[in-house]
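Participant: what follows is a protein structure lacking sequence information:
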């Protein structure tokens with residue numbers, strides 16, 4: 001299977017409770033609870049498949065029922081899982097979230113097995129399957145912040161993705177600071193929301209355009225910054241463009257940023273440039289949030 005994009009990071013089971021009611025701490029309300037394949041890397045891969053691409057995963061799962069099931073689910077969607085590290089002694093990771101009328105209320109990501117696997121998940125980048133130290137991988141790679149801080153720091157300085165078209169997402173505001181070393185990567189495109197951008201910058205930017213431009217000044221080759229229903233921005237050393245997301249009724253939020261990232265990558269691989277790629281990403285994310293795009 002020819003691979004168009006490597007998706008590196010979390011592959012786990014999402015358990016998400018959703019209700020249309022507003023929620024406060026201690027509330028007990030009716031709703032729906034789902035359990036689906038998830039994790040940033042897998043979400044991006046599924047988004048790429050929906051857009052006609054052939055992604056491959058670099059991640060870790062356990063040699064357990066959950067690991068077998070999630071790999072089977074990914075393969076059934078057309079995702080190459082042949083290079084996923086399967087651990088004999090680590091369990092498959094999990095994520096749990098609660099969403100209410102106002103969006104995400106709380107979430108906990110248990111990605112300890114991915115962190116513990118460390119650079120074992122990157123072996124294909126050096127052992128000849130995808131590249132080697134003398135012939136580094138030069139394709140597109142989407143990397144998420146669920147990897148350990150030490151490994152992300154090593155990636156910023158090491159050979160694995162030194163020549164790659166690197167696309168980076170933090171996974172959550174709580175992990176945004178892990179990505180700081182990757183600002184030194186010469187080809188890194190950052191996909192963050194306004195809160196995550198502020199954490200990386202150490203200050204609260206006025207809007208998405210200011211945030212995207214400031215991230216480029218700090219070292220990013222390019223930055224895309226979203227701000228919910230407000231205008232999003234994309235900046236590099238030459239331009240900064242903005243666009244407003246389509247208005248939709250929010251049905252879900254977990255995975256919206258991953259859908260945005262996948263659609264932007266796909267648009268560029270189809271040959272689109274500039275504002276058109278930002279528009280494509282916003283349309284895809286809006287469809288996902290509205291529940292129109294299948295998970």
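Facilitator: Nice, I can see it. These numbers come from a predicted model, not from an experiment.

Participant: residues in contact with the lowest-mean-pLDDT helix or strand in the chain?
Facilitator: Using mean pLDDT, DSSP states H and E, the weakest-scoring helix or strand in the chain turns out to be strand 103-110, at a mean of 89. Strand 103-110 is contacted from outside by 10, 12, 23, 93-99, 146, 171-172, 250, 253-254, using CB atoms under 8 Å, 6 or more residues apart in numbering. Using the backbone N, CA and C atoms, a C-beta is placed for each residue, glycine as well.

Participant: how about 7 Å then?
Facilitator: Applying CB atoms under 7 Å, 6 or more residues apart in numbering, the external contacts of strand 103-110 come out as 23, 93-99, 146, 172, 250, 253-254.

Participant: same deal with stretch 271-282?
Facilitator: The contact list for stretch 271-282 (CB under 7 Å, 6+ apart) reads 232, 234, 241, 243, 245, 246, 260, 263, 264, 267, 268.

Participant: can we see that at 10 Å?
Facilitator: 51, 191, 224, 226, 231-234, 239, 241-246, 257, 259-270 (CB atoms under 10 Å, 6 or more residues apart in numbering).

Participant: list the contacts of the residue most central in space within the chain.
Facilitator: Geometric centre of the chain, nearest residue: residue 40, 4.1 Å, by CA atoms, centre = their mean. Each residue near residue 40 by CB under 10 Å, 6+ apart is listed here: 7-12, 59, 95, 109, 111, 142-146, 169-172, 175, 191, 255, 257-258, 261.

Participant: show the buried residues in these.
Facilitator: Buried members of those, scored by 16 or more other CB atoms under 10 Å, are 7-12, 59, 95, 109, 111, 142-146, 169-172, 175, 191, 255, 257-258, 261.

Participant: tell me which of those fall in helices.
Facilitator: 257, 258, 261 (DSSP state H).

Participant: can I get those in JSON lines with pLDDT and distance to residue 72?
Facilitator: What follows is those, written out as JSON lines (pLDDT from 0 to 100; distance: CB to CB, whole Å):
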{"residue": "257", "pLDDT": "93", "distance to residue 72": "26"}
{"residue": "258", "pLDDT": "95", "distance to residue 72": "21"}
{"residue": "261", "pLDDT": "97", "distance to residue 72": "24"}
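
Participant: and those residues, which is closest to residue 46?
Facilitator: Nearest to residue 46 among those is residue 258, at 8.3 Å by CB to CB.

Participant: how far away is the closest one from residue 229?
Facilitator: Noted for residue 258: a distance of 18 Å to residue 229, by CB to CB, to the nearest Å.

Participant: residue 138 now?
Facilitator: For residue 138, the distance to residue 229 - CB to CB - is 37 Å.

Participant: for residue 236, same thing?
Facilitator: 25 Å.

Participant: and for residue 27?
Facilitator: 25 Å.

Participant: low-confidence stretches in the chain?
Facilitator: 1-3, 293-295 (pLDDT under 70).

Participant: now find how far off-centre the longest helix anywhere in it is within its chain.
Facilitator: When the chain is parsed with DSSP H, its longest helix is helix 275-290. How far helix 275-290 lies from its chain's middle: 15 Å, per CA atoms, centre = their mean, to the nearest Å.

Participant: I'm done for today, thanks for sticking with me.
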